[in-house]
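# how would this look folded up:
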Amino acid sequence: MTDTQSNLAIHDEIIAYFNLPISPEFAILVNGDWGSGKTFFIKKLIQQYSDSLGEIKSSTLYISLYGIDKVSDINFEIFRQLHPVLGSKPAVFAINLLKSSLKLSFNVDSNSDGKQDSNINVSSSDLNIIETLSNVKGKILIFDDLERCSIAPKILLGYINKFVEHQGLKVVVVANEKELYRNEPQLRTDYIETKEKVIGKTLTVMPDTDEALSSFITEIIDVYSTTVNQSKFLTESISNIKEVFSVGGYNNLRHLRQSLIELKRFLSILPNEFYLKQNLLLELEWIFLAFCFEIKKSDLIKSISEINSISDNAVTDAVRKYNLSRGLGSIHEKHGTTTFLEKYRLKESNLILNESTWYSIFHLGYYDQVSVIQEIKMGRYFYDENTDAWKKLWYFRDSDDDAWLENMVSEVFENLECKKYTMPEEILHVFGVLLTLSKYSLIEFDTEAIISKFNEYIGNIQLSIQDRDNINLYEHGSFGLVYSSNDTPELKDMINLMYSKIDEQRVDELPLVVDELLALLKNDSDKFYGTMTLSNWGDQRYFNKPIFVNINIDEFIKFFCDLNPNQQRTFMDTLDKRYKYSRNELLPERDFLTSLNVKLKEIRITGSKLKQFHINNSIKWLSEIIEKYFGEKQAAP
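Have a look, this model is predicted:
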């Protein structure tokens, strides 16, 4: 019997119970694991039952026991459902008074016509609300989340038994029986002993993925403003979702629903052109949901931060496995992220997006649309005749065509000769691919020749400021691809060489950025401070670079006098913080500071006492900076 058939049989069994002409004098327990869809199942059944009777007002009362620790709270919930008017603010106030043991009398205007329809009088908090204010005769009671209730089992089941045995009502209890008092042996024993008197039948609901998934997709399409493309894809990818959910093996429908809602948000940042590539979307959906399921379960991925270590862990585990095969090393437990990749049939080298991007999505909830689109477009799904040869070579394992390999390698070397590759990340990709091909003897160049070639290449390239200032080469890849040979010392050495080259260019380009930085001081002085100092904000790009040696002092004096007082103070504060942490690197700026101090002392501003006051303050501050960090006492103005 399939899960769907099993749940249908349980459905029919409960309906038959509801339709019994006499009181059965026992309750039914609907059992199931967390996330198995028990609540979804029972609520749908209740709705169908009410519809079949043509009821305007349901004959069932649904009460969640989640977090309840007093029987009186259950009483109030039943009372509230029997008297919906008590959901108004005056009624809520009255209920709070009830709980505070106050005597009260209040009028109820149920049809809002301004006339009193009934009057309720209460005398004490231990009043039995069910017996004196409510009439549950003919009602079917549903008690959900039994395992999440803090009331002792004997008291709780005894309370439920009052409805079953003494009032002859039909009652359904919903619970994850495995979790009931699992760590409390005595309470577990009490439950088992008391259950025998109250519960006459236990029915176990199985996760019905087909029905639940169809319902979840319909809900997302109806409620979350999906576009035509998104709706069409979600509907057509149900089999893909079912498969990855099945591979996960957790059968938690609650997690499935939550993950689909998150998937909808991810899909919403993808442009329409992506929806023309069905295989791309299916693979993205698979990876996204795999991450969702494992993060929610915290089994293989115990901490979201581990996403940033997927490649490192995979390489470490591969090396350990290789060493063990040669009788070297010792047995280590495989990293959870490596098992995650194996479980979902994924490769650490091809997660479409960079590890850091996945981390941002799942840890920060940050969906960087620009980065996501760029990384996807750099991947294999957007390859065409214009795609660079190194990207095609990255997938050399998928080809068995030697002529293709020869042509791609030849094209890469031609591009190197004409200095086509200027992005540091792209250069590392090219180096990594060629290094890998060399180690497998798939090209005629040996490792030393390739290293020599790229040492020379990096020594001669020029990077644009944008390329240079927006890179993090310590990641394991870029453009959604892991660097080939990323676990080798050769690639690590090449990364270090690249950073050395970047630092050299920064020094060489300092004269070119002076105007940019001065404009920044005037337009965004806080950002200027963050760029020029070792601080907690900003990119700190030039905190130890002698920028000010390249400033024309006379032009700067004019610029400085045009700054407002706050900008002048920010500039002086920037100087103070720069030399506090990077004095040795910034020694070349000493002459600039001395000249600036001399020039400021020559300034005499007529017609504005305040402007002269601010200039004098700047002179005093600057003199203190020079003396404090360079040991040169400055003459008073």
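# alpha carbons only for contacts and neighbour counts from here, please
Fine.
# Could you find the closest non-adjacent residue to the most centrally placed residue in the chain?
Nearest to the mean C-alpha position of the chain, by C-alpha atoms, centre = their mean, lies residue 362 at 1.8 Å. Take residue 362 and drop its neighbours on the chain: the residue closest to it by C-alpha to C-alpha, 6 or more residues apart in numbering is residue 304, 7.1 Å away.
# do the same with residue 373
Closest to residue 373 by C-alpha to C-alpha, 6+ apart is residue 270, at 7.0 Å.
# Could you tell me how far the one you found is located from residue 217?
Counting by C-alpha to C-alpha, to the nearest Å, the gap from residue 270 to residue 217 is 19 Å.
# just to revisit the earlier point, confidence score at the residue nearest to residue 373?
Note for residue 270: predicted pLDDT of 94.
# So what does it have for phi and psi?
phi -90, psi 140 (degrees, to the nearest 10).
# now do residue 174
According to degrees, to the nearest 10, residue 174 has phi -110, psi 130.
# my guess is it contacts residue 29, does it?
Yes. Using C-alpha atoms under 8 Å, residue 174 is in contact with residue 29, at 5.8 Å.
# In the stretch 401-550 of the chain, what residue spans correspond to helices?
402-417, 424-439, 447-460, 465-469, 489-508, 510-523, 525-532 (DSSP state H, counting those that start in this stretch).
# what's the answer for the stretch 1-150 of the chain, then?
So, for the stretch 1-150 of the chain - with DSSP H, counting those that start in this stretch - the helices run 3-18, 38-52, 71-82, 89-99, 129-132.
# With adjacent residues omitted, what lies nearest to residue 182?
The nearest residue in space to residue 182 (C-alpha to C-alpha, 6+ apart) is residue 188, at 6.8 Å.
# just how off-centre is the longest helix along the chain within its chain?
Longest helix in the chain, counting residues (DSSP state H): helix 609-630. Centroid separation between helix 609-630 and its chain, computed with C-alpha atoms, centre = their mean, to the nearest Å, is 48 Å.
# ditto for stretch 589-601
50 Å.
# now stretch 442-449
42 Å.
# what does that stretch rub up against?
409, 435, 437, 438, 439 (C-alpha atoms under 8 Å, 6 or more residues apart in numbering).
# For ChimeraX, what selects the buried ones among those residues?
This is the ChimeraX syntax for the buried subset of the contacts of stretch 442-449, where burial follows 16 or more other C-alpha atoms under 10 Å:
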select :409,435,437,438
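# Can you show me the strands along the stretch 51-200 of the chain?
60-64, 104-108, 118-122, 140-144, 170-175, 199-204 (DSSP state E, counting those that start in this stretch).
# For residue 32, grab phi and psi.
Torsion angles, degrees, to the nearest 10, at residue 32: phi 170, psi 150.
# contacting residues around it?
38, 175, 176, 177, 204, 205, 206.
# Ok, residue 178 next?
residue 33.
# do you know how far it is from residue 299?
Per C-alpha to C-alpha, residue 178 is found 19 Å from residue 299.
# same thing with residue 596?
62 Å.
# Which one of those two is surrounded by more residues?
Taking other C-alpha atoms under 10 Å, residue 596 and residue 299 do not tie; residue 596 has more neighbours (17 against 13).
# Please look at that one and residue 557 and confirm they touch.
Yes. With contact defined as C-alpha under 8 Å, residue 596 counts as touching residue 557 (7.5 Å).
# who's in contact with the residue nearest to residue 182?
180, 181, 182.
# And it, how far from residue 371?
Residue 188 is 53 Å from residue 371, by C-alpha to C-alpha.
# tell me the contacts of the spatially closest residue to residue 229 that is not a sequence neighbour?
Distance criterion C-alpha to C-alpha, 6+ apart; nearest residue to residue 229, sequence neighbours excluded, is residue 275 at 6.6 Å. If you count contacts by C-alpha under 8 Å, 6+ apart, residue 275 has them with 229, 233, 281.
# how many other residues sit next to residue 407?
11.
# and the residue nearest to the centre of the chain, what pLDDT?
Confidence score, pLDDT, at residue 362: 90.
# To which secondary structure element type does it belong?
helix (DSSP: H, G, I helix; E, B strand; the rest coil).
# mind checking how far it is from residue 262?
The value you get for residue 362 to residue 262, if C-alpha to C-alpha is used, is 10 Å.
# Same check on residue 549?
52 Å.
# Might you list the low-confidence residue ranges for the stretch 1-150 of the chain?
For the stretch 1-150 of the chain, the stretches with pLDDT under 70 are 1, 55-58, 84-135.
# CA atoms only: put stretch 164-184 into CSV for me.
Extracted in CSV, the C-alpha atoms of stretch 164-184 (Å, rounded to 0.1, in the frame of the first residue of the first chain):
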residue,chain,number,x,y,z
VAL,A,164,-15.1,11.1,25.6
GLU,A,165,-16.7,9.2,28.4
HIS,A,166,-18.8,11.6,30.4
GLN,A,167,-20.2,13.8,27.6
GLY,A,168,-20.1,11.2,24.8
LEU,A,169,-18.2,13.3,22.4
LYS,A,170,-16.0,12.2,19.5
VAL,A,171,-12.4,13.3,20.0
VAL,A,172,-9.3,13.1,17.8
VAL,A,173,-5.9,13.6,19.3
VAL,A,174,-3.0,14.4,17.0
ALA,A,175,0.6,13.7,18.2
ASN,A,176,4.1,12.6,17.4
GLU,A,177,3.9,9.7,19.8
LYS,A,178,7.7,9.0,19.6
GLU,A,179,8.4,12.3,21.1
LEU,A,180,5.9,12.1,24.0
TYR,A,181,7.8,12.3,27.2
ARG,A,182,10.8,10.7,25.5
ASN,A,183,13.3,11.8,28.1
GLU,A,184,10.9,11.4,31.1
